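Asker: Please find the sequence and the predicted model below.
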Amino acid sequence: MDIMDNIASKIIIFLSSAAIAVSCEDIVMQPDRQDYEETVDEIIEDEEKVIPEPRKEYPKVDGIAPVSGEPLAAVLDGGLTPLSFGQSLRTYIAGCRFSETSDECPDLFCLSVGGAAETAFYLCSYLHSTEDGSPVYGEPVPVAFHWDADETNVRVIGLDGKLYAVVLNRDRADFYTWSETEKAFSQSPEHSVALSGIDYSVFGFEVGVSGNEAAFTVVCDDGSVYLPDVGAEETLYDSANIFLGNLPYTRMYAFTIDLGTWEQKESAAPVSGEIETLVGPSGVADFRSGNVSGHIVANCLGGICYIDGTTPSVLSGMVLSSGESIDNRCWLGNLVSVDRGGECADFFTSGEGISYLYRFSGNFTASGAPVYETPVPVMMSSGDLFAGTFSVPNVVDWDLDNVLDIVAGTSDGRIAFFRNYGTNEAPAFGAPQYLKANGREVCVRSGYYELNGPMNAAYGYVSPVVFDWNQDGVPDILYSSNATRIELLLNNGRDDIDCLKAAKVIRLDGLDLWGRWKVRPAVTKAGEDIYIAILDEDDALHLYKKGSLTNVKNCGKIQLGDGMYITGHRPLGPGASATEQGDAKLQFADWDGDGDPDLLVGVTEVASWPSELDGIPYSLGTRNMQVMILENISDDGGFVFDYPRLFQFHQGDIWLGPGAKAPAMCELGDSKRGTNMVVGADDGKFYFFARHDLSEKRIW
């Protein structure tokens, strides 16, 4: 008997029992509709429980004890991890060069910007490639530069045996010379060329050198005003959910610079007028292979197109050798082509998230677009664990081997799994793997409707909590995202990676459980019941009890000991935005060891808990860790909390960036002096804090 037959037979038995009850009472009545629906849900829930299968055993290796106040280090394979720098939010590969000892992959010049770190420039030397072809780079060498640190339109190119950093804006191209001995670019440009003809802001550019000329291709928008003029509490969409602003489309310009006179030869001119692809912050790369030439253009939404050099108004979709469409996983997609003696067929993508290398397969589609092999991530040795920006970690035994792993959500909508090959005291984490549901990577994207507008459609901001929701012995995942709904991914019990079933939406009274965006729900079991807390439409903490697999019951707003409701936003006056509401990472955890669930909360720097007027951390005006505890003070095992207290490190403030922090209570490291904490930050890393180094700042 298959599952649906089994369910149907149980429903028939249930309805038959109801009919018998009616005939015994000899009165006319109908089964209660709500009871009927909940019974059906409970039957389905019983059927969806699994018996965990034995998992593959992995050899253990020596790990590294985490250092308090520092990111967790990658250990496996010499500390192999995706390329990232310090506490920066984005990585832009600005150029590449081949060393004298290897022509397999080039060295990289990289710009790191945003987040809690100042803009920095690095040179990364190529070491080797992994079995899957991922290039691996050594320890980044800081590079000195002297142009405006806010300028990200930078490209490193070779001219007449020299390396230059070209800094481009609408009016000027500056050429700074490279010093290999000093690992620095010149303090002032060796050449500065006045430009004309570029009408709008530059989003990306490419430079190709031939003889005594440098040919520039520049990608701009079309001058559209993107965001509509609306107030803080108004929406960017009309009553039909159509965006009120203007979507920017691409304009591509071309011009050349004479390298003898160092002058622009002709005014920049549009290559083809308006190219019908959305742009936003994006990039362009040359493509040259044999007698075929053109350009590859990426937009900020993950789209990558090919523009043939002979018909520049025609865009061609691009595919991989597997037949799949190319989807750039980097938001704010910068492109850099790899020049191999005039052939530019391979290219790098970089931006916010993991950087990738695309290798040309040598084939073309019927429309003439180049076909690429499956992209491989750009890696570095001896780095920190990196999941992808705005990481939301859970420290759990995901693979059921009695050692704690990490499962983390990221801004690009995926869920990363870091297997621990060491011990809890000295973990040994490898590079991230990404969890799958029904054979495909989980990838949550908002699409057209997003609080910041459609140009943020590639963001997902997945905020997962790992919890055995159906109590079958294997961990499941509930998550929120930049969509406001709460969804459930049940574990199939058969694998560690391809281990999830299709997402189910959690509902209340027949509607999707509604609340604020980007909130990691807090889930706990109290007695025989399971409870979930989120931020509701008032941006207030709200408690619900699990009724069945996909239904919850309303338990009301959570209160402080004095009866006050707990909200998380500052007043939405001038300069504020509705996007500042929500965006909190919640975790029920018995922090004080009294048996009752306390509440750990990670927030943004402009959040205001527990009230608008004088809440923290916003009212403090300091740069702090943005993680707080609300101690459970209920006398009867309920959910009543004390005023929030802000965590401090070594009795002082520590700042990990303006975005929401994601705390996770854990037993990693030395926990003899108390349970420790891992905090996910803007830069995609996991900061470890030993219990004895943390204190709590009481404001009230």
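Answerer: The structure has been received and is ready for your questions.
Asker: Report pLDDT for the residue nearest to residue 130 when sequence neighbours are not counted.
Answerer: Distances taken as C-beta to C-beta, 6 or more residues apart in numbering place residue 136 nearest to residue 130, at 6.3 Å, with adjacent residues excluded. C-beta here means a position set from N, CA and C on the backbone, and glycine is covered the same way. At residue 136, the predicted lDDT confidence score is 97.
Asker: Just give me how far the helix or strand where residue 136 lies sits from the chain centre.
Answerer: Here residue 136 is covered by strand 135-137, with elements defined by DSSP states H and E. Mean-position distance between strand 135-137 and its chain equals 22 Å (C-alpha atoms, centre = their mean, to the nearest Å).
Asker: do stretch 176-191 as well
Answerer: Distance, centroid of stretch 176-191 to centroid of chain: 35 Å (C-alpha atoms, centre = their mean).
Asker: ditto for stretch 104-113
Answerer: With C-alpha atoms, centre = their mean, you get 22 Å for stretch 104-113.
Asker: Now do the buried residues in it.
Answerer: Under the neighbour-count criterion of 16 or more other C-beta atoms under 10 Å, stretch 104-113 has 105-113 buried.
Asker: Now do the nearest residue to residue 150 once chain neighbours are set aside against residue 186, distance only.
Answerer: Take residue 150 and drop its neighbours on the chain: the residue closest to it by C-beta to C-beta, 6+ apart is residue 119, 7.3 Å away. Applying C-beta to C-beta, to the nearest Å, the value for residue 119 to residue 186 is 18 Å.
Asker: got it, and residue 697?
Answerer: Residue 697 is 47 Å from residue 186, by C-beta to C-beta.
Asker: avg pLDDT for stretch 638-653?
Answerer: Stretch 638-653 comes out at a mean pLDDT of 96.
Asker: partner residues bridging residue 257?
Answerer: residue 214, residue 264 (DSSP bridges).
Asker: and the gap between it and residue 554?
Answerer: 66 Å.
Asker: starting at the chain centroid, how far to the host helix or strand of residue 362?
Answerer: Element membership of residue 362, judged by DSSP H and E, is strand 360-364. Distance, stretch centre to chain centre, for strand 360-364: 30 Å (C-alpha atoms, centre = their mean).
Asker: Any buried residues in it, and which?
Answerer: Going by 16+ other C-beta under 10 Å, strand 360-364 has these buried residues: residue 360.
Asker: Stretch 531-549: which residues count as buried?
Answerer: Here stretch 531-549 shows 531-536, 539-544, 546-549 as buried, counting by 16+ other C-beta under 10 Å.
Asker: Only alpha carbons, please: show that stretch as PDB.
Answerer: These are the backbone C-alpha positions of stretch 531-549, laid out as PDB (Å, rounded to 0.1, in the frame of the first residue of the first chain):
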ATOM      1  CA  TYR A 531       6.600  26.600  20.100                       C
ATOM      2  CA  ILE A 532       7.800  29.000  17.500                       C
ATOM      3  CA  ALA A 533       8.500  32.700  17.900                       C
ATOM      4  CA  ILE A 534       8.700  35.300  15.200                       C
ATOM      5  CA  LEU A 535       8.300  39.100  14.800                       C
ATOM      6  CA  ASP A 536       4.700  39.800  13.800                       C
ATOM      7  CA  GLU A 537       3.100  42.700  11.800                       C
ATOM      8  CA  ASP A 538       3.800  45.100  14.600                       C
ATOM      9  CA  ASP A 539       7.400  44.100  14.700                       C
ATOM     10  CA  ALA A 540       6.700  42.500  18.100                       C
ATOM     11  CA  LEU A 541       7.800  39.200  19.400                       C
ATOM     12  CA  HIS A 542       4.900  36.700  18.900                       C
ATOM     13  CA  LEU A 543       4.500  33.100  20.100                       C
ATOM     14  CA  TYR A 544       2.800  30.300  18.300                       C
ATOM     15  CA  LYS A 545       2.300  26.600  19.200                       C
ATOM     16  CA  LYS A 546       2.600  23.800  16.700                       C
ATOM     17  CA  GLY A 547      -0.800  22.300  16.000                       C
ATOM     18  CA  SER A 548       0.100  19.900  13.200                       C
ATOM     19  CA  LEU A 549       2.800  19.600  10.600                       C
END
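Asker: what mean pLDDT does that stretch have?
Answerer: So the average pLDDT for stretch 531-549 ends up being 97.
Asker: re earlier: show me what contacts the residue nearest to residue 150?
Answerer: 111-113, 149-150 (C-beta atoms under 8 Å, 6 or more residues apart in numbering).
Asker: Turn these into JSON lines, columns for distance to residue 363.
Answerer: Listed next are these as JSON lines, based on distance: C-beta to C-beta, whole Å:
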{"residue": "111", "distance to residue 363": "33"}
{"residue": "112", "distance to residue 363": "35"}
{"residue": "113", "distance to residue 363": "36"}
{"residue": "149", "distance to residue 363": "42"}
{"residue": "150", "distance to residue 363": "41"}
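Asker: Could you tell me which of those belong to strands?
Answerer: Judged by DSSP state E, the subset of the contacts of residue 119 located in strands is 111-113.
Asker: Out of these, which is nearest to residue 267?
Answerer: residue 111 (28.6 Å; C-beta to C-beta).
Asker: tell me the contacts of the closest one?
Answerer: Neighbours of residue 111 in contact, by C-beta under 8 Å, 6+ apart: 91-92, 94, 119-122, 152, 154.
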